[in-house]
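Asker: sequence first, predicted coordinates after that:
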Amino acid sequence: ALIRRTVRRLHRSRCSFTFCCRCCRRAAPPDERVCLRLGNKVFFTDEAQLLDDLNRWSLLLISPFIYPDKLLEAEHIAFVTESISAQTDNLQKVPVSSKEVVKWSDYCSPLAYKPGEPYKLIAEASVDNFSNLGIAFMEDRLQMDNGMVPHKIVSVHLQESTLKELTQVAPAVKEMSRNSTQVNEATPTATLGTTAKSKLGVAESVGQGDQEAEEKSKLEKESEYEDESNSPSDKETGFGEHHHLHLSSCHECLQLENSTIESVRFASAEDIPELSDHCNSKLDENGGDCLATGIKRVNLAGKPPNVLIYVGSETAKVEFDQVKSILLECIDADNYTIYQLHEEQVLKDPWIDNAMLLIIATEEPISDKNQEQFVKFLSKGGKILGFSSSFTFGGIQIKRKDKLKKTVHELVVSKTDSTEVKLNLLISGCIFEVKKESNSKVKPLSHLNNADKDTVIVHLPYGDNGGEAILSQVHLELDISSVDFQTEEDFNLLKMSNTKRYEVLKEILVSLGLSCELSEIPPLTPIYLLSSDEEIHLAFLKWLEENVNAEGLIESSKVSLKFVSSCESKMETTPSLMSVITEMGNFSSEHFSLEMYQQNLQTKKLGKILLFTEVTTTTMNLLDGLMFKLPEEMGLIAIAVRQTQGKGRGGNVWLSPMGCALSTLHITVPLHSNLGQRIPFIQHLVSLAMVESVRSIPGYEDIELRVKWPNDIYYSDLMKLGGVLVTSTLIETTFHILIGFGFNVNNSNPTICINDLITKFNKEEGTNLKPLTADCLIARTVTVLERLIDIFQEKGPNGVLPRYYKYWIHSGKQVHLYNEEGPIAWIVGIDDYGFLQVHEEGKGVESVHPDGNSFDMLRNLIIPKH
Ligand SMILES: O=C(O)CCCC[C@@H]1SC[C@@H]2NC(=O)N[C@@H]21
C-alpha cells in the first residue's frame with residue numbers, strides 16, 4: 001500500500017522512484033528519502049532522472065502499430081530496469097510458488113535496451129503496473145523474461161525530444177491513434193516512411209564471415225529444402241563458423257517440431273487423417289453398411305432422411321439453432337435434412353414415419369401425450385437423443401442434484417471400443433438412476449468423476465424394431481458461446497475438452513445410425529489477382545506480359561497458373577492448373593474484404609501482390625511459379641478461405657475450415673545478412689508478428705494470445721490456435737522463403753479461436769471489443785513482420801527478443817534435463833541462432849540444441865535424442 005500510495009501521489013511531480021538492492025552502492029540514498037526497506041531491497045524517491053538522449057540505446061519500438069504518445073499521458077511512467085545474469089547473482093532465489101511470480105513484460109512495454117552487464121531496458125507502464133513491478137521487485141518475485149536477475153528499477157522522465165525519436169521509429173503512430181477507438185477503423189492509413197529505421201542504436205555488423213560464405217556460395221546450386229525433400233544437414237547449410245545455421249525443414253528441427261506437435265494434440269491441425277482425393281465416393285462405398293443408405297431406401301421420395309429437433313415451447317428458436325449448428329458440424333450434412341419439430345406438430349403430423357432421429361433438447365416438462373408419442377416413435381424403430389431433457393422410459397428415472405446444476409464437471413465416457421475418454425462439460429443438474437425393480441437393458445455410457453460416480457449418459461433399447469435412445473444430462477450440444485461460464489477456469493476446462501466433446505457426440509450419433517463421415521470436398525475455385533494499389537497492379541500485368549509462355553501460362557512443378565482477364569473464361573480449376581483472373585473490378589467475396597486488407601497493409605514491399613481464392617488445395621503451392629522471377633518490390637502473398645490439402649509441420653495435415661486465416665507469404669533474405677545467417681529465426685519472427693497483429697490493436701493488448709517456441713500460437717499456455725510452416729530455397733546468395741501461417745480467427749469449433757478470446761475478455765472486463773477478421777489480421781501480421789525483419793537485419797536478435805519474450809509462454813518455466821528425475825533447469829531465453837537456452841543450477845546458461853535434444857513442453861522435459 002505504501003508503494004502504491006507514494007507512486008500515485010508523486011508520479012506527476014518532478015521526482016523519480018528507485019527500487020534497488022542495498023548492494024547497489026552508487027544508488028544508496030540519504031535516509032530521509034527512503035520510503036521502505038525490505039530485506040536487502042530499498043525503495044526511495046529522488047530528484048527527477050531525465051533521459052534526453054537515446055543515442056546509446058537500441059530502440060525496440062518494433063511494431064508499426066505502437067503508440068508512443070501514450071507516454072506523454074501522465075498516466076504512464078517510463079523507467080529503466082537493470083538486471084544481471086543469474087550466474088553473477090549468487091543470491092538468486094527461486095520464488096516458492098509460480099503464482100507469486102510477476103513476469104516483468106506482462107506489466108510493461110519494452111521501448112529500448114542497452115546490452116552488457118548490467119543489461120538495461122527502458123520500458124513504460126501504467127502507474128499501477130509500475131507499482132506492481134516495484135512491489136514484486138521488493139518481494140523478490142520479479143522475473144525478467146530473459147532469465148536475468150533484476151537489480152534496480154528507476155523511473156525516468158522522457159523528454160519530448162526523446163519521444164520524437166521514438167516516434168520516428170513508428171511513423172504511422174499519429175494516424176493510428178486518431179483511429180484507435182474503433183477497431184474496424186483502427187487500421188493505419190499512413191504508410192511507413194521509406195526508411196522507417198532508427199538512426200540510433202548499435203547496428204550489428206551485417207555479412208560477417210562474408211568471404212567464406214562467398215566461396216561457399218560459388219558452389220551452391222539451387223537447392224530446395226522442404227519438409228518432404230532430402231533436407232540438408234547443418235553441415236551442408238552451415239557457413240564458416242555458423243555451424244548452427246539450420247533450417248526449419250531440416251531433419252533435426254522436424255524431430256524437434258514433432259515433439260512439439262505431439263504436445264499439442266488438441267490443436268486444430270493434429271491427428272486428423274489426410275483427406276483423400278476420392279473422399280467424394282466414400283458414401284457410396286459404405287453401401288449397405290450405412291444406416292443412412294437404408295433409410296434412403298425407405299424414403300421413396302428420394303429425399304435425405306429427416307432429423308428432427310424438439311426444443312419445447314415456440315420461443316426456443318435460439319436453442320433450435322444451437323443444436324442444429326452443432327449437428328451440422330458433426331454429421332454428413334448433405335445426407336440429412338434437419339427440421340424443428342414444433343409443439344403443435346408432435347401429435348398431428350406423420351413425422352413418426354418420416355424421421356430417423358429425434359433430438360429432444362429441452363428442460364421443460366414433457367406432457368404425457370407427447371411422451372406417449374415419442375415412445376410410439378421408438379416402438380417403430382425410431383432413435384431418440386435426449387439433451388438434458390426430462391424424457392425417460394423403461395427402467396430409469398431422473399434425480400435432481402441441485403448442487404451440480406450448471407457446474408462444469410469432469411466425466412468419464414465409455415466408448416464403443418471399450419476405451420474411456422475424460423472430459424469436462426456443463427452439467428444439467430440431474431442424474432440418472434436405474435430403478436431397483438427394473439430388469440431393463442439400461443447401459444450407462446458415462447458417469448461423473450465424483451465420489452458417487454453419478455450416471456449422466458445412458459443407452460436404452462426399446463421394443464423389437466430396433467428403437468433406441470441415448471439420453472444425456474450433460475450439455476454435449478452447447479459450445480462456449482451458449483454456455484454461461486462463470487470463471488476463467490471453467491472457460492479453460494470447456495475449451496480444452498471441446499475436441500473431445502465432438503468426439504463423444506459423433507460417437508453417439510454414429511451409434512444411433514447417422515453417418516459422420518466428412519462431407520464432400522468443396523470444388524476448387526479460380527484465383528483472383530488483387531493488388532494493394534492500381535499502380536502496382538499495372539506494373540505486375542506488364543511484367544506478366546513478358547513472362548507468360550505462349551499459352552498464357554506461368555508454369556511450375558506444383559501448379560501452373562493460367563492468367564485470364566475475367567471470370568468469363570470457363571476453365572476448370574484443378575490441383576495442377578488454376579486460372580487467375582486479373583481484372584480487380586469484378587472481385588467480391590463474402591469472406592474477404594480487399595479494402596480491409598489494403599487498409600491494414602502498411603508495408604514497403606511485402607504482401608503487395610495478392611493471389612486470393614475461396615477454395616484451393618494449399619496456399620503453399622500457389623507462388624512457386626512466380627516467386628523466383630518477380631521483381632522484389634512486388635511482394636507476393638497467397639490467401640485462401642479454405643484449403644482442401646492444408647499442410648502442417650512435420651507432414652501433418654492442417655485442417656483449414658472457414659474462419660481460419662490461411663496464407664503464404666514470399667520473402668527474400670540475403671544470405672549475407674543478420675537474418676540470412678540465422679534462418680530459423682524467421683519462424684520466431686512470424687509467430688511474434690501473428691501475436692502482435694492482435695495485441696497491437698488498442699484495447700486488444702491483453703488478449704491472452706502468446707507464442708510458443710519455436711513457432712506456435714497459443715491461448716495462454718493451454719491450447720494451440722495457430723502455427724507457422726517455413727520452406728526455403730537458396731538461389732546463389734538469396735534465400736527465397738515461403739512462410740505459411742494459419743490461425744483460427746473465427747472458427748470456435750472444434751477447438752478455440754481468437755474471437756473466443758475476445759468474447760471471453762469482453763465478458764470479464766465489461767468491454768465491447770469487436771470480433772476480428774482474417775483479412776485484417778493477415779495484413780497486420782505481414783506489416784509487423786516486415787518491421788521485425790528490418791529491425792533484425794539492423795540489430796540482430798537483440799532487437800526483437802525483448803518483444804518475443806513479452807509474449808512467449810516459457811519465461812521462468814522449469815524443465816528436467818534428460819529424464820523425469822534429471823537435473824532441474826530453468827528456461828531463460830533463446831540464443832543467437834534461435835535455440836532454447838536453459839539455466840541449470842550450478843552450471844550456468846546453456847543452449848539446448850535440437851541435434852542433441854528434443855523438448856517436450858507438456859511433460860516439462862528436455863530429453864536426449866535416441
Ligand atoms: O503445423 C503447423 O503448426 C503449421 C501450420 C501452417 C498452416 C498454414 S495455413 C496456410 C498455409 N498453407 C498451408 O497448407 N499451410 C500453411
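Answerer: Nice, I can see it.
Asker: is the nearest residue to L785 once chain neighbours are set aside in a helix, a strand, or coil?
Answerer: Among residues not flanking L785 along the chain, A689 sits closest, at 3.9 Å (CB to CB, 6 or more residues apart in numbering). For every residue, glycine as well, the C-beta is placed using N, CA and C. Three-state call for A689 (DSSP: H, G, I helix; E, B strand; the rest coil): helix.
Asker: could you check how far A689 is from the ligand?
Answerer: 14 Å (CB to the nearest ligand atom, to the nearest Å).
Asker: and the pLDDT at that residue?
Answerer: On pLDDT, A689 comes in at 97.
Asker: just L111 next, same as before
Answerer: Here, the pLDDT recorded for L111 equals 83.
Asker: same thing with K41?
Answerer: pLDDT at K41 comes out at 89.
Asker: spit out the contact partners of it.
Answerer: By CB atoms under 8 Å, 6 or more residues apart in numbering, the residues touching K41 are 19-22, 137-138, 140.
Asker: contact partners of the helix or strand hosting K763?
Answerer: Here K763, judged by DSSP states H and E, is contained in helix 754-765. Outside helix 754-765, the residues that touch it by CB under 8 Å, 6+ apart are 480-481, 488, 491, 495, 694, 700, 702-705, 715, 721, 743-746, 748, 767-772, 777.
Asker: just give me the neighbour total for the closest residue to the ligand within the stretch 351-500 of the chain.
Answerer: Across the stretch 351-500 of the chain, the shortest distance to the ligand (CB to the nearest ligand atom) belongs to T499, at 15.8 Å. Close neighbours of T499, defined as other CB atoms under 10 Å, add up to 21.
Asker: again, but for the one 3 residues further on
Answerer: Residue neighbour count, defined by other CB under 10 Å, stands at 19 for Y502.
Asker: which residues touch stretch 138-145?
Answerer: Here stretch 138-145 makes contact (CB under 8 Å, 6+ apart) with 3, 19, 36, 38-39, 41, 43, 81, 83, 93, 95, 100-105, 133, 136, 150, 802, 805-806, 808, 811-812, 829.
Asker: go through it and flag the buried ones.
Answerer: For stretch 138-145, a neighbour-count test (16 or more other CB atoms under 10 Å) marks 138, 140-145 as buried.
Asker: which one of these is nearest to L606?
Answerer: D145 (27.4 Å; CB to CB).
Asker: any idea which helix or strand carries that closest one?
Answerer: For D145, there is no helix or strand it lies in under DSSP H and E.
Asker: got the phi/psi numbers for the closest residue to it other than its chain neighbours?
Answerer: Nearest non-adjacent residue to D145, counting by CB to CB, 6+ apart: Y805, 3.2 Å away. Y805 adopts backbone torsions of phi -60, psi -30, taken as degrees, to the nearest 10.
Asker: counting neighbours, what do you get for Y805?
Answerer: Residues contacting Y805 under the criterion other CB under 10 Å number 23.
Asker: and the pLDDT at it?
Answerer: Looking at Y805, its pLDDT stands at 91.
Asker: just to revisit the earlier point, what about the next helix or strand after the helix holding K763 and the ligand, any contact?
Answerer: Using DSSP H and E, the helix or strand that follows helix 754-765 in sequence is helix 774-795. No - Helix 774-795 is not in contact with the ligand by CB under 6 Å from any ligand atom; minimum separation 9.8 Å.
Asker: which among the contacts of stretch 138-145 end up buried?
Answerer: Listed as buried from these are 3, 19, 41, 43, 81, 83, 95, 101-105, 133, 136, 150, 802, 805-806, 808, 811-812, 829; burial here means 16+ other CB under 10 Å.
Asker: out of those, which are inside strands?
Answerer: Among those, the ones falling in strands (DSSP state E) are 19, 41, 43, 81, 83, 102-103, 150, 829.
Asker: just the closest residue of the stretch 651-800 of the chain to the ligand, please.
Answerer: Scanning the stretch 651-800 of the chain for proximity to the ligand using CB to the nearest ligand atom identifies G723 as nearest, at 1.9 Å.
Asker: pretty sure that residue belongs to a strand, no?
Answerer: Yes - under three-state DSSP, G723 sits within a strand.
Asker: for the residue nearest to it when sequence neighbours are not counted, give the beta-bridge partners.
Answerer: In this structure, G723 finds its nearest non-sequential neighbour in D712, 5.3 Å apart by CB to CB, 6+ apart. D712 has the following beta-bridge partners by DSSP bridges: K708, G723.
Asker: and what of L36?
Answerer: As for beta bridges, L36 partners with F43 under DSSP bridges.
Asker: could you check how far it is from F44?
Answerer: Distance from L36 to F44, counting by CB to CB, to the nearest Å: 8 Å.
Asker: widest-spaced pair of the ones in strands among the buried ones among the contacts of stretch 138-145?
Answerer: Within those, two members stand farthest from each other by CB to CB: F43 and G829, at 28.0 Å.
Asker: wait, K605 sits on I637?
Answerer: No - taking CB atoms under 8 Å as the definition, K605 is not a contact partner of I637, at 10.9 Å.
Asker: of the two, which one has the most company?
Answerer: I637 (27 against 15).
Asker: for the closest residue to that one other than its chain neighbours, helix, strand, or coil?
Answerer: Excluding the flanking residues, the one nearest I637 by CB to CB, 6+ apart is G607, at 4.3 Å. Assigned with three-state DSSP, G607 falls in the coil class.
Asker: where's the residue of the stretch 551-700 of the chain found nearest the ligand relative to L594, distance?
Answerer: Relative to the ligand, the nearest point of the stretch 551-700 of the chain is G648 (3.0 Å; CB to the nearest ligand atom). Look at G648 and L594: by CB to CB, they are 28 Å apart.
Asker: and the two? Which one has more around it.
Answerer: Legend: neighbour count by other CB under 10 Å for G648 and L594, higher for G648 (22 against 18).
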